[in-house]
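Asks: Next one to model:
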Amino acid sequence: GLIAGGGLAARWVNAPEVVQKRVGWCLLPQAGVALGLALMVSERLPDTRSVILPLAISTTVVFEIIGPLVTRWHLKQAGEYQST
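Replies: Numbers count the residues shown, from 1 in each chain. Purely as a prediction, here's the structure:
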């Protein structure tokens, strides 16, 4: 969802092609939003709590580990990253 949505939004606003190809990947590390939405859903739909929360937490952990690495790689590919 994030990858395709980011690309579509960038295309919609006529962003440069390099942004269209890479912006979605750079949105992966978004832990706070994912956990907040999972908590809201689990409060409104208590029957889904046992599935929603573990799924949201585990995917958040994975994306917080690989997300910055993927973001850095795509920024390098786009020519927007300089190591210090």
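
Asks: CA only for contacts and neighbour counts going forward, please
Replies: Fine.

Asks: The residue of the chain most remote from its centre in helix, strand or coil?
Replies: The outermost residue of the chain relative to its centre, with distances by Cα atoms, centre = their mean, is D47 at 26.1 Å. With DSSP: H, G, I helix; E, B strand; the rest coil as the basis, D47 sits in helix.

Asks: Excluding sequence neighbours, find me the nearest residue to the spatially most central residue of the chain.
Replies: Nearest residue to the geometric centre of the chain (Cα atoms, centre = their mean): L28, 2.4 Å. Of all residues not flanking L28 in the chain, G67 sits nearest, at 5.1 Å (Cα to Cα, 6 or more residues apart in numbering).

Asks: Contact partners for the one you found?
Replies: By Cα atoms under 8 Å, 6 or more residues apart in numbering, G67 lies in contact with W25, C26, L27, L28, P29.

Asks: Surely S42 touches V51?
Replies: No - in this structure, S42 is not within contact of V51 by Cα atoms under 8 Å, at 9.0 Å.

Asks: okay, those two: which has more neighbours?
Replies: S42 (17 against 11; other Cα atoms under 10 Å).

Asks: Report the separation between the more buried one and V61.
Replies: 19 Å (Cα to Cα, to the nearest Å).

Asks: And for M40?
Replies: M40 is 19 Å from V61, by Cα to Cα.

Asks: And for W73?
Replies: In terms of Cα to Cα, W73 sits 19 Å off from V61.

Asks: which of those two has more neighbours?
Replies: Using other Cα under 10 Å, the more surrounded residue of W73 and V61 is W73, with 16 against 13.

Asks: Report the separation between that one and A10.
Replies: For W73, the distance to A10 - Cα to Cα - is 19 Å.

Asks: Same check on P54?
Replies: Going from P54 to A10 by Cα to Cα gives 32 Å.

Asks: ok, those two, which is more surrounded?
Replies: More crowded of P54 and A10, by other Cα under 10 Å: A10, with 20 against 12.

Asks: List the residues that contact the more buried one.
Replies: A10 is in contact with P16, V19, Q20, V23, counting by Cα under 8 Å, 6+ apart.

Asks: Phi and psi next, for it.
Replies: phi -60, psi -40 (degrees, to the nearest 10).
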